[in-house]
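*Asks:* A structural model of the following input is requested.
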Amino acid sequence: MSKVTNPIDKLCRVLDWVEDASPKVSLKEVTKWLATLRLEHVDKEPSRWRLKRETSKGVMVMSFQRMNRIANFDSLSEGSYTYYEIRHFWEINVIQTDLSDLVNATLPHYTEDEKYNRTHLSVEGKILQNISLENIMVRLGDRGMLRAWDLRVLHALLYGEPKLSWRHIVMMNIRDTQNQYKRKMIPHVRFTSAMIAQQNQRPENSLWVLKAIDSFDFAKMRKGSKISVEEAGQRYRVTDNDTRSSYMYL
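*Replies:* Predicted coordinates for the structure are as follows:
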């Protein structure tokens, strides 16, 4: 299976909306909304899902349609995507419904009977996993290890298959976080805050916290990995110093 032409660019275009976002995040309103959240129409196709509950001012709804009032996150038609069942997506191990090459394609340096680890990734995979941990499959700890859901997302980014809906993943992430005992973090908190503001459900006196908008640079790309970047005219060569695998990009 061939890789997509430029998976880094493909992912960053999805995340471009933050350039217009405010560094002010209404954490109190997001927390209140999350605490009483309910998922409606879970037995229907994901495009009909609604994450719905109250803020201090009123009811805020997160749905595919309302998310796209922020930005055009999923560029294809809703029927073009593969939608994992929630329980299948969160399976920590590879299951029968996964692609047959899921492990071999995403972990070229993997040896059977080992636990999935970031050292098994290609150089492109390591970079994409760094971005995913901050923007898609967000978590605080144990970042060196990989779960099967990490592989599902990485395969989609590297090879374009299966085609996954970012909106679907966001809604599954938020719902899963709500159910976590002693929740330590909230995924997509800036996006949720933006939706509360968009629907005019943030009180005028609402408290906010300053959450700086990070930029993606070579330092972030190399985070946690021994990766070097060499300039060659108008192109760059990115090399994994452990495996010596590399790729070129403009």
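
*Asks:* distance-wise, check the residue positioned nearest the centre of the chain relative to residue 165.
*Replies:* The chain has residue 136 as the residue nearest its centroid, 1.0 Å off, counting by Cα atoms, centre = their mean. Separation of residue 136 from residue 165 (Cβ to Cβ, to the nearest Å): 12 Å. Quick note: C-beta positions are derived from backbone N, CA and C, even for glycine.

*Asks:* and if you look at residue 146?
*Replies:* 21 Å.

*Asks:* mind checking the SS state of residue 190?
*Replies:* helix (DSSP: H, G, I helix; E, B strand; the rest coil).

*Asks:* same question but for residue 53, I mixed them up
*Replies:* Under three-state DSSP, residue 53 comes out as strand.

*Asks:* show me the contacts for it.
*Replies:* 33, 34, 35, 36, 37, 38, 59, 60 (Cβ atoms under 8 Å, 6 or more residues apart in numbering).

*Asks:* ranges for the helices of this protein?
*Replies:* For the chain, the helices defined by DSSP state H cover 7-14, 27-35, 64-67, 86-89, 102-106, 123-135, 148-159, 166-178, 189-198, 218-221.

*Asks:* which strands and helices lie in contact with the fifth one?
*Replies:* Under the contact criterion of 3 or more Cβ pairs under 8 Å, 6 or more residues apart in numbering; DSSP states H and E, helix 102-106 touches helix 148-159.

*Asks:* tell me the buried residues in the helix it packs on?
*Replies:* 148, 149, 150, 151, 152, 153, 154, 155, 156, 157, 158, 159 (16 or more other Cβ atoms under 10 Å).

*Asks:* equivalent analysis for stretch 242-250, please.
*Replies:* So stretch 242-250, judged by 16+ other Cβ under 10 Å, has buried residues 243, 245, 246, 247.

*Asks:* ok, now stretch 83-103?
*Replies:* 83, 84, 89, 91, 98, 99, 102, 103.

*Asks:* tell me how many other residues surround the nearest residue to residue 240 once chain neighbours are set aside.
*Replies:* Among residues not flanking residue 240 along the chain, residue 123 sits closest, at 3.9 Å (Cβ to Cβ, 6 or more residues apart in numbering). Around residue 123 there are 22 other residues, counting by other Cβ atoms under 10 Å.

*Asks:* mind listing what residue 123 touches?
*Replies:* Here residue 123 is in contact with 225, 227, 238, 239, 240, 243, 245, 246, 247 (Cβ under 8 Å, 6+ apart).

*Asks:* how about a cut-off of 7 Å?
*Replies:* 227, 238, 239, 240, 245, 246, 247 (Cβ atoms under 7 Å, 6 or more residues apart in numbering).

*Asks:* return the per-residue confidence for the fifth one.
*Replies:* Pointing back at residue 245 there. pLDDT for residue 245: 78.
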